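Trainee: Pasting the sequence and the predicted model now:
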Amino acid sequence: MQSPILVRPIQQSDFAAWLPLWNGYNAFYGREGATALSPEIISTTWQRFFEPTEPVYALVAETEGKLVGLTHYLFHRSTTRVELTCYLQDLFTVEAQRGRGVGRSLIEGVYQAAKAAGIKRVYWQTHETNVAGRLLYDRVAKHAGFIVYGSEV
């Protein structure tokens, strides 16, 4: 029998367990070694989760007392809605726990947080090569067909 998955808001005491998950997420997208995030970015990101004036939030998934997944999301204004919109920016599950429902539980946690804040739309993006993630995403949301562009300025 599998242990239950608890999704909860991140706590200050989670840093040591959160950091390997965050590093794993970034490594998945090629941000490791020479291209790893700077300590300043990591520290600033962590601090934002606990700053009441920041619209950036984090949930973690826990099972058997260990963190096995994370999600970071933010609320922002939109030119096409009166209410805020929720962008699910980061989602990661440790490889050994994939297929257990951790990712789905984290997404549902973001849905609940958005709904509690009066937000009606949650969206995210992923890389086209994230086949496993996309299998889940196709079950819990609708691909709207948009292509994302970006540039450093």
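Mentor: Alright, I've got the coordinates.
Trainee: List the buried residues for the longest strand seen in the chain?
Mentor: For the chain, the strand with the greatest residue count under DSSP state E is strand 66-76. Neighbour-count burial for strand 66-76 flags 67-73, 75 (criterion: 16 or more other Cβ atoms under 10 Å). All C-beta spots, glycine's among them, are computed from the backbone N, C-alpha and C.
Trainee: what's the nearest residue to residue 69 if we skip its chain neighbours?
Mentor: Nearest non-adjacent residue to residue 69, counting by Cβ to Cβ, 6 or more residues apart in numbering: residue 61, 3.7 Å away.
Trainee: Now for the one you found, which secondary structure element holds it?
Mentor: Take DSSP states H and E as the rule and residue 61 turns out to sit in strand 56-63.
Trainee: Now do the end-to-end distance for stretch 119-129.
Mentor: This stretch, stretch 119-129, spans 29 Å end to end (Cα to Cα, to the nearest Å).
Trainee: pull the CA atoms of the helix or strand hosting residue 110 into PDB?
Mentor: When elements are assigned from DSSP H and E, residue 110 belongs to helix 102-116. Included here for helix 102-116 are C-alpha records, laid out as PDB according to Å, rounded to 0.1, in the frame of the first residue of the first chain:
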ATOM      1  CA  VAL A 102       2.400  13.600  -6.900                       C
ATOM      2  CA  GLY A 103       2.300  15.900 -10.000                       C
ATOM      3  CA  ARG A 104      -1.500  15.700 -10.200                       C
ATOM      4  CA  SER A 105      -1.800  16.400  -6.500                       C
ATOM      5  CA  LEU A 106       0.400  19.500  -6.800                       C
ATOM      6  CA  ILE A 107      -1.600  20.800  -9.800                       C
ATOM      7  CA  GLU A 108      -4.800  20.300  -7.900                       C
ATOM      8  CA  GLY A 109      -3.300  22.100  -4.900                       C
ATOM      9  CA  VAL A 110      -2.600  25.100  -7.200                       C
ATOM     10  CA  TYR A 111      -6.200  24.900  -8.500                       C
ATOM     11  CA  GLN A 112      -7.500  25.000  -4.900                       C
ATOM     12  CA  ALA A 113      -5.200  28.000  -4.000                       C
ATOM     13  CA  ALA A 114      -6.300  29.900  -7.100                       C
ATOM     14  CA  LYS A 115     -10.000  29.200  -6.500                       C
ATOM     15  CA  ALA A 116      -9.600  30.300  -2.800                       C
END
